[in-house]
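> sequence and predicted structure below; questions after.
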Amino acid sequence: MRQSRLFAGARSRVCVAAILVLGLLAGCGIIPQPAPAPQLYTLTPKSTFDDELAAVGWQLGIEAPTAPAGLSSARIAVTRQPLTLEYYAGAQWVDDAPAMVQRLLIESFENSGRIVGVGRLAVALRSDFVLQPELREFQAEYSPASKAPKVRVRVNVKLIKMPERRIVASDTFERVMEAPDNRMPVIVKTFDQALGKVMRDLVVWTLERGSR
């Protein structure tokens, strides 16, 4: 019984001390405030293709893109000097970059209207071909004299014939585009344009190489 009273007394003293500390911090105006939530950004799939692009009668599975650890993140990557990688503060993608690129690739193939079926490789899809993407560059880049960055997107892909899992084609697609100014929404729009051009070239290449 005495031990219970001692424990209750000690707990009360701790609570009082905590209240006093919070009161002192409030009086000094230094109570830590929660950090504001980051602004989330997303990109769009490619939706326009040449009318001459031929339709195919096979199905395609797209693997989740591999990427360096620094790009396998929802944070938006930026380089300000050689051999360094940083991230923009207060801004993120809606998903980690490889997952976002995989989703946009699938939607771009669907938007082409030229393929019977396309989906994530994990989905129950009997694929005739598998596309293996590797996200090698996906960052904004500043030069010492620049006020706005260039956005670099580079994706390497391998097209694999199933079920023998034979590589029938491999290529790299890259775009570098300069942002008009240094505002975050403008930089994101430049990402959207650069990735859109890469995805368009990649869709056309895949459909043509698979048809051969």
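Cool, the structure landed. For clarity, every value in this text was computed on a predicted model and none was experimentally measured. Residues are numbered from 1 along each chain as shown.
> doesn't residue 202 belong to a helix?
Yes: assessed with DSSP: H, G, I helix; E, B strand; the rest coil, residue 202 lies in a helix.
> got the contact list for the closest residue to it other than its chain neighbours?
Ranked by C-beta to C-beta, 6 or more residues apart in numbering and with sequence neighbours excluded, the top spatial neighbour of residue 202 is residue 173, at 5.3 Å. Any C-beta I mention is one placed from the backbone N, CA and C, and that applies to glycine too. By C-beta atoms under 8 Å, 6 or more residues apart in numbering, residue 173 lies in contact with 154-157, 198, 201-202, 205.
> now residue 173: how far from residue 192?
Going from residue 173 to residue 192 by C-beta to C-beta, to the nearest Å gives 16 Å.
> ramachandran angles for residue 47?
Dihedral pair for residue 47: phi -130, psi -10, per degrees, to the nearest 10.
> for it, give me its contacts.
The contact partners of residue 47, by C-beta under 8 Å, 6+ apart, come to 108, 111.
> now do it against residue 138, distance only.
The gap separating residue 47 from residue 138 is 21 Å, by C-beta to C-beta.
> so what's residue 114 closest to, chain neighbours aside?
Per C-beta to C-beta, 6+ apart, closest to residue 114 is residue 55, 4.4 Å.
> mind jotting down where the strands sit in the chain?
Secondary structure of the chain, counting by DSSP state E: strands at 39-41, 59-62, 75-79, 86-93, 117-120, 129-141, 150-161, 166-178.
> in the first one, which residues are buried?
When you say that, I think you mean strand 39-41. For strand 39-41, a neighbour-count test (16 or more other C-beta atoms under 10 Å) marks residue 41 as buried.
> now the fifth one
Buried positions in strand 117-120, judged by neighbour count with 16+ other C-beta under 10 Å: 118-119.
> please identify the pairing partners of that strand and their relative orientation?
Strand 117-120 has the following sheet partners, assigned by DSSP bridges: strand 59-62 (parallel).
> now swap in the first one and tell me
Taking DSSP bridges as the criterion, strand 39-41 sits next to strand 86-93 (parallel) in its sheet.
> how about the strand it pairs with: buried residues?
By neighbour count on 16+ other C-beta under 10 Å, the buried set for strand 86-93 is 86, 88, 91-93.
> pLDDT score assigned to the nearest residue to residue 85 once chain neighbours are set aside?
Nearest non-adjacent residue to residue 85, counting by C-beta to C-beta, 6+ apart: residue 70, 4.6 Å away. With respect to pLDDT, residue 70 scores 96.
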